[in-house]
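Undergrad: With the input below, show me the fold.
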Amino acid sequence: MTPFQPISIIGVYGLPPAGLAELPPGALQFSPLIPGAETLEACVEASLSGMVVAAPPGTLERRYVLALSLRALAAGGSLIALAPKDKGGARLRAELEAFGCTVDEAARRHHRICSVIRIAGSHGHEAAIAEGAPRVLDGLGLTTQPGVFSWDRLDPGSALLIDHLPALSGRGADLGCGIGMLARAILKSPAVSHLTLVDLDRRALDATKANVVDARVARLWADLRLPPAGLAGLDFVVTNPPFHDGGAEDKALGQTFVRRAAEMLRSRGTLWLVANRHLPYEAVLAPLFRTVALRAETGRYKIYEATK
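TA: Below you'll find the predicted structure:
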């Protein structure tokens, strides 16, 4: 009789740089920033034989992910966690040791790479998980979570856009919706018949389920660098587009949002956009829209209304 062999399941969180950590084919992706990924919070305790984590830069978010990863590992399972040394990597060893882990550390290509074996007796998981979990934000009364864009405050660009939005109507989309700040303002207009909230971050969309309770709302977990299906002929698009990817400024990312908005809008549909002053959106807007109007300007931001 062939002896029973336990199933080996390896997880991965994020996109570790090639050459820094080996991933077997079929590793389960758990990052909330990769549409279609599994949910680490729902991973059965002690169900993974290994985990590779491209650790996030934020302290609360990083400790949360490390704690959930350790909880998901079976005894004897291995965790490899890595991050650029100036974006949390320098803290990885101490954070893992605080969970009771014995850590082997290496440095390569400006990253710190920490390896541990899951053993009984590790501790501190519950506190780290509680600190990084969804919460209601004091003052605003909205559900949020560390790691989500502008998770602990109203982004000033979004606040400026809210102040200048007209009463919109028809079918629209909020691209990069975050926890729903703009959506709440948009839906104050009874003439809005449908609003699709689109975001790369599953955690943000989950937060909108508490923050934006409205029968007119649909949600789409999507990376707008790829054309999403089903969004076309819209009357309006509202966006505060991102311009960072993995912590580095990426002007092309926000420009992609503008192009996606133009593809989604019907003729005479309108785009409302808030942009940091230094970002070169005018050259992208001009060939895609019939008219482009600067509706507001501060020392940091510009508000544009563009009609297709």
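Undergrad: Could I get the phi/psi values of residue 74?
TA: phi -80, psi 160 (degrees, to the nearest 10).
Undergrad: Help me confirm that residue 168 comes into contact with residue 234.
TA: No - if you go by C-beta atoms under 8 Å, residue 168 and residue 234 don't touch, sitting 10.6 Å apart. Just so you know, the C-beta spots here come from the backbone N, C-alpha and C atoms, and that holds for glycine as well.
Undergrad: any weak-confidence spans in the stretch 201-308 of the chain?
TA: Scanning the stretch 201-308 of the chain for pLDDT under 70 picks out the ranges 243-250.
Undergrad: The nearest residue to residue 280 once chain neighbours are set aside: how many residues sit nearby?
TA: Of all residues not flanking residue 280 in the chain, residue 251 sits nearest, at 6.5 Å (C-beta to C-beta, 6 or more residues apart in numbering). For residue 251, the neighbour count with other C-beta atoms under 10 Å is 15.
Undergrad: can you tell me how far residue 251 sits from residue 103?
TA: Using C-beta to C-beta, to the nearest Å, we find residue 251 at a distance of 38 Å from residue 103.
Undergrad: likewise residue 305?
TA: When distance is defined by C-beta to C-beta, residue 305 is 53 Å away from residue 103.
Undergrad: Residue 287 now?
TA: Separation of residue 287 from residue 103 (C-beta to C-beta): 53 Å.
Undergrad: Looking at these two now, which is surrounded by more residues?
TA: residue 103 (17 against 7).
Undergrad: so where do the helices sit in the stretch 1-150 of the chain?
TA: Along the stretch 1-150 of the chain, counting by DSSP state H, counting those that start in this stretch, helices occupy 59-72, 90-98, 125-132.
Undergrad: Show me the one of the ones you listed that comes nearest residue 162.
TA: helix 59-72 (26.0 Å; C-beta to C-beta).
Undergrad: Output that closest one as CSV, nothing but the C-alphas.
TA: Output of helix 59-72 as CSV, limited to C-alpha atoms (Å, rounded to 0.1, in the frame of the first residue of the first chain):
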residue,chain,number,x,y,z
THR,A,59,3.9,48.7,9.3
LEU,A,60,0.4,47.8,10.3
GLU,A,61,-0.4,46.2,6.9
ARG,A,62,2.9,44.3,6.8
ARG,A,63,2.6,42.8,10.3
TYR,A,64,-1.0,41.9,9.5
VAL,A,65,0.1,40.0,6.4
LEU,A,66,3.0,38.3,8.2
ALA,A,67,0.7,37.2,11.1
LEU,A,68,-2.0,35.8,8.7
SER,A,69,0.7,34.0,6.7
LEU,A,70,2.1,32.4,9.9
ARG,A,71,-1.4,31.4,11.0
ALA,A,72,-2.0,29.7,7.6
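Undergrad: List the buried residues of that helix.
TA: By neighbour count with 16 or more other C-beta atoms under 10 Å, helix 59-72 contains the buried residues 60-72.
Undergrad: For it, name the packing helices and strands.
TA: Counting by 3 or more C-beta pairs under 8 Å, 6 or more residues apart in numbering; DSSP states H and E, the packing neighbours recorded for helix 59-72 are strand 10-13, strand 48-54, strand 73-84, helix 90-98, helix 125-132.
Undergrad: Output the below-cut-off pLDDT ranges for the stretch 51-200 of the chain.
TA: 121-122.
Undergrad: The residue nearest to residue 280 against residue 275, yeah?
TA: No - with contact defined as C-beta under 8 Å, residue 251 does not count as touching residue 275 (10.3 Å).
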